[in-house]
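Undergrad: the following block contains a protein sequence and its predicted model.
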Amino acid sequence: MTDLASRIRQDFPILQRKVHNVPLVYLDNGASSQRPVQVIAAMDEHYRMHHANIHRGAHTLGEESTQAYESAREKVAGFVNAPATHEIIFTKNATEAFNLVASSCGRFFLSEGDRILVSAMEHHANIVPWFMVAEQTGAKVDWIPLTSDGQIDLEAAHALIPGAKIVACTAVSNVLGTINPIAEICAKARESGAVSVVDAAQLAPHLPIDVQALGCDFLGFTGHKMCGPTGIGVLWGRTELLDAIPPFLGGGEMIEIVDFEGFTTAPLPYKFEAGTMPIAEAIGLATAIDYLTDIGFDAIRKHEVDLLGTTFDMLTSAFGDKIRIYGPQDINRRSGILSFNFGDIHPHDLASILDAEGVAIRAGHHCAQPLMRTLGVQATARASFYFYNTKEEVEILAHGLEKAADIFGI
Amino acid sequence: MTESIEDLYKEIILDHYRRPRNRGSLLPPARNACAYNPLCGDEITIWVDIDENDTITDIKLDGKGCAISQASGSMMSTLLQGKSLTEARTVFLRFKSMLGIGKNKTDIEIFDPEAPAGSQLGDAEALKSVRQFPSRVKCATLAWNAFEEALGQDTAVSL
Ligand SMILES: Cc1ncc(COP(=O)(O)O)c(C=O)c1O
């Protein structure tokens, strides 16, 4: 099962490094993945040989940069199976994508008393922008509850969606790893005339995306969790809606004409891309998409499911009741994310002890405080895998937990 | 890191974590304040009684969080119990300088690492190694920040 990992690990120089004199075991991929030399080289090449600003000036470098940036957009369009390339808007991250949707939809069609439906397992990036727009428009944020094993309560969702103006839901929980029935939720939203906004930040790195099959209206994700650079994110939206809503940020590139009376907006996608965009980052993201599709999402998924199964078995057999794993027990319903608590050891303490063993995990509320409240915990420890992680690394994690148990006497 | 993880989780720290001293709350007119670390959700609420001679006559804490934040609060409460506000100020300066977060040069030198163990900050000296774990310094200072807030910026103890 470590075939894939052993084949591609040398693409990631950072995975060769040591921390505290022991090999790094990087299990914080849910927060940010690492990137392969191919992505680093593509950005390096852009800066060394091709960089100039895009969509301006008829000179060679400007044309090469524009060409590379627009090819990146086409690459992303193919990656999510968008019906049209102009439906791909580059943003700085997923957070900006959701702020764009919330702000522009808010100004276009939300008003006093409207209902914005948000799932209780959202990341703050798909919560706070809605609270902000609710404050501005008088709309109200309402919650889709979860079942006790950390899945969307579909029955409740079906009852709540009719009458809502917005349905905001994550495709994969960044805490529980739960893979949500997004197509079903979006179908219900469409049937009821609600606009659906899908957070694909934890989907894009691990599973193929097809916005047409999902039937959503907006979908956003971020480059740095999928082997791409920081500073680049993507918003996909349906043409009809992107045309209808007002622009988000104002400035250069997003206008057609500016005169003493005002401005007119540029056509899609430029209407939503104000100012100089992250050009090298878009190129890096396109390279990351090539890298991931070369490996293949089937192979990635298979590797991660194997790893998750191993981890579940290893941790529950070694620690029994001492370890409490949150979210669905059925591995097929979750992505490579494992949130847990270990005895009465606070996740923060656990993270420090594991770090001394070279193991990087995340501890805290994972920017999902409403979910923490639902789970009745203050914080969790989270190990999150990617295709380059190995079974040996899971063993080191288990060993680190043993050490924590020793120190805390549990 | 020159310190090992066992230095961070010394017996005495785990003892204060598992059996926190001065748990509870006080009634008004006790001053109180709450400190919260939004990064990890740790929280500590503190109550302090101060008499007319500026002596801390009672101190109680409540909260949830990691071993470092909770043990540090417990240790602080035993250190400050019965101290005058002027003495408390010295304790604060020492504690912060021990963790390398004093505001000026004199502050930084005020904790003497060569002094006999426990002679300056009692049990709280066990938190010395937190300095080697920069991401945990905020945990160690959480209760102390709550105390400062409870006293308000205008008192002698405020740094
Ligand atoms: C589910 C989910 N949504 C949104 C985000 C925000 O991503 P970014 O910080 O790159 O905008 C994250 C990452 O932390 C996430 O896990």
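TA: Thanks, I have it. Remember, predicted model here, so these are calculated numbers, not experimental data.

Undergrad: would residue A:167 count as being in a strand?
TA: Yes - going by DSSP: H, G, I helix; E, B strand; the rest coil, the assignment for residue A:167 places it inside a strand.

Undergrad: identify the residue nearest it in space, chain neighbours excluded?
TA: Of all residues beyond its chain neighbours, the one nearest residue A:167 is residue A:189 (4.3 Å), with distances taken as C-beta to C-beta, 6 or more residues apart in numbering or on different chains. To be clear about C-beta, it is placed using only N, CA and C from the backbone, and glycine gets the same treatment.

Undergrad: again with residue A:256
TA: Setting aside the residues directly before and after it, residue A:256 is nearest to residue A:264 in space (C-beta to C-beta, 6+ apart), at 4.4 Å.

Undergrad: what's the first helix or strand after the helix or strand that contains the residue nearest to residue A:167?
TA: Assigned by DSSP states H and E, residue A:189 falls within helix A:182-192. The first helix or strand that comes after helix A:182-192 along the chain, using DSSP H and E, is strand A:195-199.

Undergrad: the very next helix or strand once past that following strand: which residues count as buried?
TA: Towards the C-terminus, the helix or strand next in line after strand A:195-199, according to DSSP H and E, is helix A:211-214. Taking 16 or more other C-beta atoms under 10 Å in any protein chain shown as the basis for neighbour counts, the residues of helix A:211-214 that come out buried are A:211, A:214.

Undergrad: now do stretch A:351-371
TA: A:351-368, A:370-371.

Undergrad: now do stretch A:229-239
TA: In stretch A:229-239, the ones that count as buried by 16+ other C-beta under 10 Å are A:229, A:230, A:231, A:232, A:233, A:234, A:235, A:236, A:237, A:238.

Undergrad: quick one: the last one from the ligand, how far?
TA: Per C-beta to the nearest ligand atom, to the nearest Å, residue A:238 is found 20 Å from the ligand.

Undergrad: angle of the host helix or strand of residue A:143 against helix A:182-192?
TA: When elements are assigned from DSSP H and E, residue A:143 belongs to strand A:140-144. With axes from the mean of the first three to the mean of the last three C-alpha atoms, to 10 degrees as the basis, strand A:140-144 and helix A:182-192 are set at 140 degrees to each other.

Undergrad: which secondary structure elements does strand A:140-144 contact?
TA: Applying 3 or more C-beta pairs under 8 Å, 6 or more residues apart in numbering or on different chains; DSSP states H and E, one finds that strand A:140-144 makes contact with strand A:115-119, helix A:128-137, helix A:154-160.

Undergrad: quick one: low-confidence parts of chain B?
TA: B:1-3, B:102-109, B:153-159 (pLDDT under 70).

Undergrad: tell me the secondary structure for the residue in the stretch 301-410 of chain A positioned nearest to the ligand?
TA: Nearest residue of the stretch 301-410 of chain A to the ligand: residue A:367, at 5.8 Å (C-beta to the nearest ligand atom). The three-state assignment at residue A:367 reads coil, by three-state DSSP.

Undergrad: give me the nearest residue to the most centrally placed residue in chain A, chain neighbours excluded.
TA: Of all residues in chain A, the one closest to the mean position by C-alpha atoms, centre = their mean is residue A:201, 1.2 Å from it. Ranked by C-beta to C-beta, 6+ apart and with sequence neighbours excluded, the top spatial neighbour of residue A:201 is residue A:94, at 4.4 Å.

Undergrad: related to what we said a few turns ago, and the nearest residue to the residue of the stretch 301-410 of chain A closest to the ligand once chain neighbours are set aside, what does it touch?
TA: Spatial nearest neighbour of residue A:367, excluding adjacent residues (C-beta to C-beta, 6+ apart): residue A:124 at 4.3 Å. When contacts are counted by C-beta atoms under 8 Å, 6 or more residues apart in numbering or on different chains, residue A:124 touches A:367, A:368, A:369.

Undergrad: will you turn those residues into a markdown table that also has pLDDT?
TA: Listed next are those as a markdown table, based on pLDDT from 0 to 100:
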| residue | pLDDT |
| --- | --- |
| A:367 | 92 |
| A:368 | 93 |
| A:369 | 90 |
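
Undergrad: how about those in a markdown table, adding distance to residue A:4?
TA: Below are those laid out as a markdown table (distance: C-beta to C-beta, whole Å):
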| residue | distance to residue A:4 |
| --- | --- |
| A:367 | 29 |
| A:368 | 29 |
| A:369 | 35 |
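
Undergrad: picking up where we left off before, can you tell me which of the buried residues of stretch A:351-371 are in helices?
TA: Counted as lying in helices by DSSP state H, out of the buried residues of stretch A:351-371, are A:351, A:352, A:353, A:354, A:355, A:356, A:370, A:371.

Undergrad: quickly list what the closest residue in space to the first one that isn't next to it in sequence is bridged to.
TA: Pointing back at residue A:351 there. In space, residue A:351 comes closest to residue A:363 once its chain neighbours are excluded; the distance is 3.9 Å by C-beta to C-beta, 6+ apart. Beta-bridge partners recorded for residue A:363 (DSSP bridges): residue A:381.

Undergrad: before we move on, what about residue A:144?
TA: Note on residue A:144: beta-bridge partners by DSSP bridges are residue A:119.

Undergrad: same deal with residue B:48?
TA: Applying DSSP bridges to residue B:48, the residues it is bridged with are residue B:31, residue B:59.

Undergrad: how many residues are close by it?
TA: Summarising burial for residue B:48: neighbours were counted as other C-beta atoms under 10 Å in any protein chain shown, giving 22.

Undergrad: which residues sit in contact with the residue of the stretch 301-410 of chain A closest to the ligand?
TA: Taking C-beta under 8 Å, 6+ apart, we find residue A:367 in contact with A:123, A:124, A:125, A:174.

Undergrad: any idea which of those is the one closest to chain B?
TA: Proximity of those to chain B, judged by C-beta to the nearest C-beta, is greatest for residue A:124, which lies at 10.8 Å.

Undergrad: quick one: that closest one and residue A:21, what's the gap?
TA: Shown here: residue A:124 relative to residue A:21, a distance of 36 Å by C-beta to C-beta, to the nearest Å.
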